[in-house]
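K.L.:
Compute the structure for the input listed below.
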Amino acid sequence: MDVTNIIKNAGLKITPQRRIVYEVMTKLGHGTIDEVISEVQKQNPNITISTVYRILDSFCEVKLLSRVNHPNGKCYIDITPSDHHHIFTDEELIDYTDPELTELIKRYLDEKLCKKLDIDKISVQIIANLKKSNDHGKEEENDNSFGTSCS
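P.N.:
So this is what the prediction gives:
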């Protein structure tokens with residue numbers, strides 16, 4: 001679906017500024033507000049900071065985007081539409097998709113709470129430090145791609 005239809009289907013009026021902000025978010029996936037503003041103003045320096053804030057707020061209200069607060073105080077804006085979790089490292093936000101974990105949590109809550117909740121979404125936030133060395137003491141490159149197994 002193209003940007004125009006996505007914005008229109010969310011019930012918002014199409015404007016050039018909204019198109020640019022949404023396209024920037026599509027490219028970034030997630031970013032701090034400062035990163036979003038910087039990228040938007042690269043495309044159109046006439047878009048003011050307050051306009052970007054207003055557009056981000058309106059996109060969050062209609063659930064095109066979501067805010068994710070990092071423990072370090074930074075606020076990230078996230079566009080990832082699929083169910084996913086977040087891993088926070090020192091300065092980074094990493095998307096982590098694991099349907100098995102999501103289903104495990106849902107089943108656990110259903111059992112513990114006797115199915116008294118109709119769960120819309122599960123989003124886990126994990127705070128971690130990336131390990132810098134393997135079992136043999138050798139330095140490893142930080143690989144931010146997380147699979148679902150340790151092998």
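K.L.:
Tell me how far the helix or strand of the chain with the lowest mean pLDDT lies from the chain's centre.
P.N.:
One helix or strand of the chain scores below all others by mean pLDDT, DSSP states H and E: strand 93-96, with a mean of 84. Chain-centre distance of strand 93-96: 7 Å, with Cα atoms, centre = their mean, to the nearest Å.
K.L.:
Show me what that strand is packed up against.
P.N.:
Secondary-structure packing of strand 93-96 (3 or more Cβ pairs under 8 Å, 6 or more residues apart in numbering; DSSP states H and E): strand 75-78, strand 85-88. For glycine as for every other residue, the C-beta is placed from the backbone atoms N, C-alpha and C.
K.L.:
domain parsing for this protein?
P.N.:
1-81, 82-130 (automatic domain parsing).
K.L.:
so which of those domains is the most packed in?
P.N.:
Counting by mean count of other Cβ atoms under 10 Å, domain 1-81 has the highest mean neighbour count of the domains of the chain, with a mean of 15.
K.L.:
Give the closest residue to the spatially most central residue of the chain in space, chain neighbours not counted.
P.N.:
Nearest to the mean C-alpha position of the chain, counting by Cα atoms, centre = their mean, stands D78 at 2.9 Å. Once flanking residues are discounted, D78 sits nearest to H30: 4.2 Å by Cβ to Cβ, 6 or more residues apart in numbering.
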